[in-house]
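Engineer: model this:
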Amino acid sequence: MHQDFPDHYATLGLPRRCTSAQIHTAYRLLARRHHPDLNAGSDEAITRTQALNAAHETLADPARRRAYDRELAGAENAEAPARGGRIEKNISHDVHLRLEEFLRGTSLVVHVNDPANPNGAETCELIVPPDTAPGTRFRLPREEPFSGGFFIVRVRARPDARFKARGPDLRCDLRISPGRAQQGGSESLRGVTGAFLRVQIPAGVARGEIIRIPGEGLPKARGGRGDLLVRITYRIAVQIGRGLPR
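Structural biologist: Numbers count the residues shown, from 1 in each chain. Sure thing, here's the model as predicted:
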């Protein structure tokens with residue numbers, strides 16, 4: 001994007017469908033990290049802070065954000081014909097996060113090796129706001145000689161020993177005793193946030209049956225959370241007796 005029309009979403013490292021809460025969180029974290037008081041004598045910190053302030057002022061106001069989105073779309077359409085329909089080369093890259101990081105947010109440094117870059121590996125900072133859905137894509141601006149291009153960074157769930165992620169839903173196993181399976185009742189299970197959840201076991205539950213706990217999964221793209229699907233496992237008690245007396 002031309003410097004006269006900056007991409008405020010890329011400045012904050014956010015996708016264009018981000019929520020207001022994500023905008024405020026990303027701005028707060030980045031403004032604190034790049035504040036000139038913490039980077040004495042750095043012209044880059046001053047320039048970055050000014051860009052962050054401009055991005056937040058525009059995107060935090062719903063009316064200004066709508067107007068900006070229309071202008072941004074027009075600027076991109078004009079830029080593409082000016083280049084004969086060709087746009088700057090973007091690079092797609094996946095990063096894997098721990099399950100709890102989708103809920104509480106995190107920040108990390110992304111290293112991307114582009115063979116076409118004569119300057120070697122590029123480094124960019126990714127701010128993942130709280131309540132980010134798996135599969136969310138972030139647009140991070142590239143540096144020279146590829147300024148105007150972007151890293152398209154998609155966040156995916158890292159394999160976990162206890163939970164399996166399927167979009168915003170999580171799956172796990174709960175092992176119970178044969179007596180509990182026959183009589184029913186409640187069992188406790190540690191959820192993805194670390195808090196204990198109560199699982200209501202119906203009497204006569206079958207092995208492999210799924211019990212759904214609403215709202216205890218990962219964030220959804222449009223708000224809210226997915227579900228936790230608990231699969232019941234247990235061993236059938238087998239009694240081995242002696243043969244009948246002769």
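Engineer: ranges for the helices of this protein?
Structural biologist: Ranges of helices within the chain are 8-12, 20-33, 43-59, 62-82, 99-104, 178-183, based on DSSP state H.
Engineer: quick one: which of these is nearest R158?
Structural biologist: Across the helices of the chain, R158 has its closest neighbour in helix 99-104 (7.4 Å, Cβ to Cβ). (C-beta placed from N, C-alpha, C; glycine too.)
Engineer: in CSV, could you pull the C-alpha coordinates for the helix or strand of the chain with the lowest mean pLDDT?
Structural biologist: In the chain, no helix or strand scores lower on mean pLDDT, DSSP states H and E than helix 62-82, which sits at a mean of 80. Taking only C-alpha atoms (Å, rounded to 0.1, in the frame of the first residue of the first chain), the coordinates of helix 62-82 have been written out as CSV:
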residue,chain,number,x,y,z
PRO,A,62,-17.0,2.5,13.8
ALA,A,63,-18.0,5.3,11.5
ARG,A,64,-14.4,6.3,10.6
ARG,A,65,-13.6,2.6,10.2
ARG,A,66,-16.4,2.1,7.6
ALA,A,67,-15.3,5.1,5.7
TYR,A,68,-11.7,4.0,5.8
ASP,A,69,-12.6,0.5,4.6
ARG,A,70,-14.3,2.0,1.5
GLU,A,71,-11.3,4.2,0.8
LEU,A,72,-8.9,1.2,1.3
ALA,A,73,-10.8,-1.0,-1.2
GLY,A,74,-10.8,1.8,-3.8
ALA,A,75,-7.1,2.5,-3.3
GLU,A,76,-6.2,-1.2,-3.7
ASN,A,77,-8.3,-1.4,-6.9
ALA,A,78,-6.6,1.6,-8.3
GLU,A,79,-3.2,0.3,-7.5
ALA,A,80,-3.8,-3.1,-9.2
PRO,A,81,-4.7,-1.6,-12.6
ALA,A,82,-1.7,0.8,-12.3
